[in-house]
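Novice: sequence-free structure coming up:
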């Protein structure tokens, strides 16, 4: 699953944060995951979940309504 893309467009928070957390928890340490979201709250909720769970937010890029987040599990 390393370096995969998780397309969560069309989902409303808190689902994007919960599904991103599940994907990171199931992956091996060091997994890098690109998460695609279009709910404006996900731009806030996903990084907040990462800080609470100990994951890294490597990059956040906004393209109109689409937000691409690059996340990594560090442990």
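Specialist: Thanks, I have the structure now. Here the structure is a predicted model, which is why all the values come from computation and not from measurement.
Novice: from now on I want contacts and neighbour counts done on CA atoms only, so please keep to that.
Specialist: Fine.
Novice: which residues of the chain fall in strands?
Specialist: With DSSP state E as the criterion, the chain has strands at 4-7, 32-37, 56-63, 66-72.
Novice: between those strands, which gets nearest to residue 43?
Specialist: strand 66-72 (6.9 Å; Cα to Cα).
Novice: once you drop chain neighbours, what's closest to residue 12?
Specialist: Excluding the flanking residues, the one nearest residue 12 by Cα to Cα, 6 or more residues apart in numbering is residue 39, at 5.7 Å.
Novice: for the one you found, give me its contacts.
Specialist: Residue 39 sits next to 9-13, 65 when contact means Cα atoms under 8 Å, 6 or more residues apart in numbering.
Novice: same check, this time on residue 58
Specialist: Contacts for residue 58 (Cα under 8 Å, 6+ apart) come out as 69-72.
Novice: do you know how far it is from residue 30?
Specialist: For residue 58, the distance to residue 30 equals 12 Å [Cα to Cα, to the nearest Å].
Novice: need the residues touching each of the two.
Specialist: Joint contacts of residue 58 and residue 30 (Cα under 8 Å, 6+ apart) are residue 72.
Novice: rewinding a little: ranking the strands of the chain by burial, who's on top?
Specialist: By mean neighbour count, with neighbours taken as mean count of other Cα atoms under 10 Å, strand 32-37 ranks first of those at a mean of 23.
Novice: got the contact list for that strand?
Specialist: Residues from elsewhere that reach strand 32-37 (Cα under 8 Å, 6+ apart): 2-11, 16, 20, 24, 43, 66-73.
Novice: how much does that strand deviate in direction from strand 66-72?
Specialist: Between the axes of strand 32-37 and strand 66-72, defined by axes from the mean of the first three to the mean of the last three Cα atoms, to 10 degrees, the angle is 160 degrees.
Novice: strand 32-37 pairs with which strands, parallel or anti?
Specialist: As defined by DSSP bridges, the strand partners of strand 32-37 come to strand 4-7 (parallel), strand 66-72 (antiparallel).
Novice: what about the nearest residue to residue 75 once chain neighbours are set aside, distance to residue 40?
Specialist: Here the nearest residue to residue 75 in space, its sequence neighbours aside, is residue 29; by Cα to Cα, 6+ apart that works out to 5.1 Å. To residue 40, residue 29 is 29 Å away according to Cα to Cα.
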